[in-house]
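Participant: A structural model of the following input is requested.
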Amino acid sequence: MSATDALTSPEVPGFCKGIQHFGEAWPEFDRHADSASIGAGQAAISATDDKAAYQTLLAADALRYLTLQLTGAKGSGHPGGFASSTEAHAALVMLGHSNIVTEVGHHAPGFYSSMFLDTSLQEMGIQTMEDMMTRFREKQGLLGHLSGAIPGLLAPAGPLGQGQHFAMAGALLHPGKLFPVTIGDGGMGEPYVLNSMMHFHTAYPKVTNFLPALIWNGYSQEHHSMVSRMSNEDMTAYWQGHGFENVVLVDAKDFDDGNQAGAYVDSTCFSFEKRLAFSKAVLQGVDRAAKSALGGTLTVFIIKQLKGAGVHALGAKSHNLYPTDTLDQPHIIDGLKRRALPPAAWRIVRDNFSRAGGGPAVKTVVTEFELEIAPLPKLVMEEFKKDEKAVPSTALGALVAQVGRADPRFVATNADGNEASGMKNINDALKIRHPTADPLYNQTPNGQVYEPLNEDACAGLAAGLALFGSRALWLSYESFAINGWPIVQTVTQAMAELRRKTPSIVTLFTAGALEQGRNGWTHQRPEIENYFAAMMRNGNVYPLFPCDANALQVAYEYATNSVNKGMVIIASKSPLPVYMSLAEADHAIEEGAATLYESTTGDKGTVVFAVTGDMIFLPVFEARDRLEADGYRVRIVAVVNPRRLYRPTDIAWDTVSQPDNRFMDDDHFNALFDGDCLMAVSGGPSAPLEPVLLRTRAPKRDVFCWKRGETTASPAEIMDFNGITADAMVQRAKQ
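Facilitator: Presented below is the predicted three-dimensional model:
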């Protein structure tokens, strides 16, 4: 049937409007597709039923067709990788497992097609294939990679190596539910995919209800994958070596009756009988793997099939479409016609997908609902007296312990160890999760502190838990944070798009550059603060710079009680002076900045110091003494929450979920920062002070900040190396 005939045919379901090609009925269609295998009120098929296997294959080809036509509509997007996975994806759905995440952002068109078939996309006004094509890769539509905004999809997918964290977080929070995660062989090691799952399984051996599904198709984006030469035995051993006791591998090559060359073959080229046999083997393999994972055994399912199976091209050439790969091109038309289904088949697939798992994913998957979490009591803070010294990170540790005691699901992650950052009190209270019980090291199998020596794994679990609705805290050295930050960036962007509230992802980065003189430049990498600062403009990212132990406690409470935001706290682990009371710190966090000191006399002009950090205040106060002795007035302002100091037009605050439009007005800003000259001072880079430099009316201004690392004997020496000294500040102020 042509698309033109379909427009007037009563046989064609309304949602098929826009489908350009319809095909003939398959062999035995009347017998195996007379009605949906998942009946009304049912949620899954039986893996041993021939009719169910037949309809699973129908769904696989429907996904291939939609993926190719969707991407062809814009001459853009990625059909090839998902095409090699469709039998596995269809099997998961038909078996009722709808909490599916992916590591592969390039599979987005396939996942959108799945959400279209189960009716989830109707939540965003996509009723027909024509609607879906119109909205693909357009603003307020279906963006090129998965995000937090698409109904029914659990988690974002873009950078490789992230999906398994979401699956593990979901499994930890929802025992008894399966969380499959599709992983491409092209990105399997980018970064540490198997390593992170191995560590998680060691720490949480009873949490096996996540199921990696490796799409082993032999190719990456533009070339053969690095594991393409492995034998089936080698691949099985590879997963077993990372703790997977059960490896279920289905190889399309075993069903090939067309003598295709190479280890990777296209199942859509088999005879129909062999296609059906392959589909049934995948269905039964997925079923065995799912039951194994849910039954307490760490399991992986592997489907081995050539990339691009069933679409317009094969291998890496199928990976993405170019502007010339449009729906009017012969190779795209031929690919669509090969996969075209009769109208009755589309109705069958829609009925099955919309019923699988208990209904459309948008109505059933766990991330479409707010997870109920334990209420927190008012955190009890220790008020340190002004001018006494206290270790900020240790003060914070006491609050983290309170959160963990009140919320059993709370997890604190740290790769380099809490003791090394002055937070042993967290380990004392919550214990490190480790299979070896040892009180000397605060280890217990049921601890709430997760300590893999891998920042990606630390950030990944914490970010995944937050996105899925639970409280978490990632603790790291500032210098190493970049190794885990990409997934936090991904999650904060997703949180900005969510249709529900979820706890903010909270991070604390200690051991700033100024504290790490002896370790040299390897531990002096505060440039990541520029990354945080740039993300402030996103609308939901808040770098926080508490100036002392009191302010750090307030900052943590502020961050923990927030929702749908990325809260980044920078603090020291050294004993430092206390400048603010708790009440003053609370005011500074809410307003963005506060005056720590102001001269009462002086006739040579006013020097204003705008400062982010804590240890960096030491040379600033020393400069104050010298300037006052020379007759200058000095005002020292702690910039604690710089996001509040931007102008509303600087920030995309009105584009995000749970928007915050609180910004300091001009009168209050000018009262803090007006002077004859402004010195913007940071122990890290200058970017967090951008809002001050943008708005200040001071006629003269300068910046003192980090330049580069070096091995030194003391913080004072590293500050001197970077020109952040009282002498330099005084000299510049006088100039």
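
Participant: mind listing what residue 88 touches?
Facilitator: 182, 213, 215, 282, 286, 301, 303 (CB atoms under 8 Å, 6 or more residues apart in numbering). Where you see a C-beta, it was placed from the backbone N, CA and C, and this is true even at glycine.

Participant: cutoff 10 Å now
Facilitator: 56, 60, 180, 182, 213-215, 250, 282-283, 285-286, 289, 301-303, 305 (CB atoms under 10 Å, 6 or more residues apart in numbering).

Participant: can you check residue 422 too?
Facilitator: 391-397, 510-511, 571-575.

Participant: from these, which ones fall inside helices?
Facilitator: Mapping these onto helices (DSSP state H) picks out 392, 393, 394, 395, 396, 397.

Participant: closest to residue 83 out of the residues you listed?
Facilitator: residue 396 (49.2 Å; CB to CB).

Participant: quick one: residues contacting the spatially closest residue to residue 468 that is not a sequence neighbour.
Facilitator: Excluding the flanking residues, the one nearest residue 468 by CB to CB, 6 or more residues apart in numbering is residue 169, at 5.0 Å. Listed by CB under 10 Å, 6+ apart, the contact set of residue 169 reads 101, 154-155, 179, 200, 210, 411, 460-470, 472.

Participant: got a PyMOL select line for the buried ones in the contacts of residue 422?
Facilitator: Restricted to buried positions by 16 or more other CB atoms under 10 Å, the PyMOL selection for the contacts of residue 422 reads:
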select buried, resi 391+392+393+394+395+396+397+510+511+571+572+573+574
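
Participant: next, find the distance separating the closest residue to residue 347 other than its chain neighbours from residue 319.
Facilitator: Among residues not flanking residue 347 along the chain, residue 13 sits closest, at 5.0 Å (CB to CB, 6+ apart). According to CB to CB, to the nearest Å, residue 13 stands 31 Å off from residue 319.

Participant: now for the contacts of residue 422: which two are most distant?
Facilitator: So, those by CB to CB: farthest apart are 395 and 511, at 15.8 Å.

Participant: tell me which helix or strand the residue nearest to residue 468 sits in.
Facilitator: helix 163-173 (DSSP states H and E).

Participant: ok, now which ones touch the nearest residue to residue 377 once chain neighbours are set aside?
Facilitator: Nearest residue to residue 377, sequence neighbours excluded (CB to CB, 6+ apart): residue 406, at 6.0 Å. By CB under 10 Å, 6+ apart, the residues touching residue 406 are 373, 374, 375, 376, 377, 379, 471.

Participant: list buried residues within those residues.
Facilitator: If we count by 16+ other CB under 10 Å, the contacts of residue 406 have these buried: 373, 379, 471.

Participant: which one of those residues is nearest residue 672?
Facilitator: residue 379 (27.8 Å).

Participant: for the closest one, what are phi and psi?
Facilitator: phi -70, psi 130 (degrees, to the nearest 10).

Participant: same deal with residue 635?
Facilitator: Torsion angles, degrees, to the nearest 10, at residue 635: phi -120, psi 130.

Participant: what's across from it in the sheet?
Facilitator: Residue 635 has these beta-bridge partners by DSSP bridges: residue 598, residue 608.

Participant: how close does it get to residue 681?
Facilitator: For residue 635, the distance to residue 681 - CB to CB - is 13 Å.

Participant: list residues touching both of these two?
Facilitator: Common neighbours of residue 635 and residue 681 (CB under 10 Å, 6+ apart) are 609, 610.

Participant: so where do the strands sit in the stretch 401-550 of the chain?
Facilitator: According to DSSP state E, counting those that start in this stretch, the stretch 401-550 of the chain carries its strands in the segments 411-414, 432-433, 443-444, 449-450, 472-477, 505-510, 541-544.

Participant: contacts for the fourth one next, please.
Facilitator: Just to be clear, that refers to strand 449-450. For strand 449-450, using CB under 10 Å, 6+ apart, the contacting residues are 199-200, 203-204, 400, 404, 411-415, 417-418, 423, 426-427, 429-434, 442-443, 457-458, 461-462, 465, 472-475.
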